[in-house]
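Student: need a 3D model of the sequence below.
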Amino acid sequence: MSRLKSAKEIPIGGLIDEAGSSRKFKTGDWRSFRPLIEESKCINCMMCDVFCPEHCISVKEDGKRGEIDLDYCKGCGICANVCPVKCIKMEEEAKFIK
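Tutor: Predicted coordinates:
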């Protein structure tokens, strides 16, 4: 097993040692807020999917919006900000912790 690099050995900007490695790390637990979609308002414009930096919003075979993958959603709120009909609201994550 190889030795982990120290903070001084990692170049500024971090280190990506293989393509696509971000899928190995579920980053959704960083979230302070989570997106909730009011289905009745959604017009399936897919702007949320286009602008999601983590590509957490799935697209169904019929081209309509699917579910949000909360394992990877960091709660940035970009989806809520770009939604033209404001059907996505950001709710505090603490409300969902049991």
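Student: now the residue sitting nearest the centre point of the chain, what's its secondary structure?
Tutor: For the chain, Cys73 is the residue whose C-alpha lies nearest the centre (Cα atoms, centre = their mean; 2.6 Å). Under DSSP: H, G, I helix; E, B strand; the rest coil, Cys73 falls in the coil class.
Student: I'd assumed Gly28 was in contact with it.
Tutor: Yes: look at Cys73 against Gly28 with Cβ atoms under 8 Å: they come within range, at 5.3 Å. Just so you know, the C-beta spots here come from the backbone N, C-alpha and C atoms, and that holds for glycine as well.
Student: may I have stretch 2-12 as CSV, with CA atoms only?
Tutor: Provided in CSV are the C-alpha atoms of stretch 2-12 (Å, rounded to 0.1, in the frame of the first residue of the first chain):
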residue,chain,number,x,y,z
SER,A,2,1.4,3.4,-0.9
ARG,A,3,2.0,6.1,1.6
LEU,A,4,-0.5,9.1,1.6
LYS,A,5,1.1,12.4,0.7
SER,A,6,1.4,15.1,3.4
ALA,A,7,-0.2,18.4,3.0
LYS,A,8,3.1,20.0,1.9
GLU,A,9,3.5,17.4,-0.8
ILE,A,10,0.1,18.0,-2.5
PRO,A,11,0.3,20.7,-5.2
ILE,A,12,-1.7,23.9,-4.8
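Student: next, the buried residues of it.
Tutor: Within stretch 2-12, no residue is scored as buried using 16 or more other Cβ atoms under 10 Å.
Student: strands along the chain, start to end?
Tutor: Assigned by DSSP state E, the chain shows strands spanning 33-37, 57-59, 65-68, 88-92.
Student: pick the most buried one from those.
Tutor: Sort the strands of the chain by mean neighbour count, taking mean count of other Cβ atoms under 10 Å, and strand 33-37 sits at the top with a mean of 19.
Student: now that strand: how far from the chain's centre is it?
Tutor: The chain centre lies 10 Å from the centre of strand 33-37; the measure is Cα atoms, centre = their mean, to the nearest Å.
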